[in-house]
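**Student:** could you look at this predicted model? Sequence included:
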Amino acid sequence: MGLGLAIAHQIVELHGGTIQAESEGKDKGATFTVLLPIRSVEPQTSEDKGLADGSPNLQGVNVLVVDDEVDTRELIVFTLQQYGASVRAFASASLALKAFALEKPHIILSDIGMPEMDGYMLIRQIRSLPPEQGGEIQAIALTAYAGEINQSKILQAGFQKHLTKPIEPAKLAMVIASLVK
């Protein structure tokens, strides 16, 4: 019911629907009701990308996503692709570092709490690189760690922004757009 419901909620809302959870109590299970609107199927023109007016266009923006939680990673990829971004996603910081060495994205979006190498270690390794190797890349920490102390620690480690999960898709796209201007 926690993060899974929040992820499902965001996906359903992207499609203009609603989701509701009900339970008769402990050990009684849960019922999830998803309502999606029926839309007439019309081919989209190149001008109609399905985004609301005023939504950021991330066309041409390359994003590297690092999150060990598969559902969260897939939701972020799906969300950013809806805004036009090109996204490469990895389940670990070490895999992301290898990909980063080969091709430089415009921005990194990383979880903090990951096994083996956490988001702090990842950003410190990237910040140790010279600028021509991507050491000054824009980076966002997207994490369940909230609060001023965590935010301060995240920003001191080298991230430009700290966003807490779950995040509204439009807000995530706007923050990315603001950093890659």
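**Tutor:** Everything's here; your move.
**Student:** hmm, which helix or strand of the chain has the shakiest average pLDDT?
**Tutor:** helix 3-14 (a mean of 75; mean pLDDT, DSSP states H and E).
**Student:** contacting residues around that helix?
**Tutor:** With CB atoms under 8 Å, 6 or more residues apart in numbering as the contact definition, helix 3-14 has outside contacts at 18-19, 21, 32, 34, 36, 69, 71-72, 75, 78-79, 82, 144, 165-166, 168-169. The way it works is simple: take the backbone N, C-alpha and C, and place the C-beta from them, glycine included.
**Student:** tell me which residue is most central in this protein.
**Tutor:** The centre of the chain sits closest to Ile76, judged by CA atoms, centre = their mean, with a distance of 3.6 Å.
**Student:** so that one makes contact with Leu163?
**Tutor:** No: at 10.8 Å, Ile76 does not count as touching Leu163 under the criterion of CB atoms under 8 Å.
**Student:** the least confident helix or strand of the chain: which residues count as buried?
**Tutor:** Judged by neighbour count (16 or more other CB atoms under 10 Å), helix 3-14 contains these buried residues: Ala6, Ile7, Ala8, His9, Gln10, Ile11, Val12.
**Student:** what bridges to the spatially closest residue to Ile167 that is not a sequence neighbour?
**Tutor:** Excluding its sequence neighbours, the residue lying closest to Ile167 (CB to CB, 6 or more residues apart in numbering) is Leu142, at 6.6 Å. Leu142 has the following beta-bridge partners by DSSP bridges: Leu163.
**Student:** quick one: Leu142 and Lys165 touch, right?
**Tutor:** Yes: look at Leu142 against Lys165 with CB under 8 Å: they come within range, at 6.2 Å.
**Student:** the more surrounded of the two?
**Tutor:** Set side by side, Leu142 and Lys165 show unequal neighbour counts under other CB atoms under 10 Å, the larger going to Leu142 at 24 against 18.
**Student:** who's in contact with the more buried one?
**Tutor:** Taking CB under 8 Å, 6+ apart as the criterion, Leu142 is in contact with Asp67, Ile76, Leu109, Ser110, Asp111, Leu163, Thr164, Lys165, Ile167, Leu172.
**Student:** nearest to Leu58, of those residues?
**Tutor:** When these are compared for distance to Leu58 (CB to CB), Leu172 wins out at 10.0 Å.
**Student:** that closest one in helix, strand or coil?
**Tutor:** Secondary structure of Leu172, reduced to three states by DSSP: H, G, I helix; E, B strand; the rest coil: helix.
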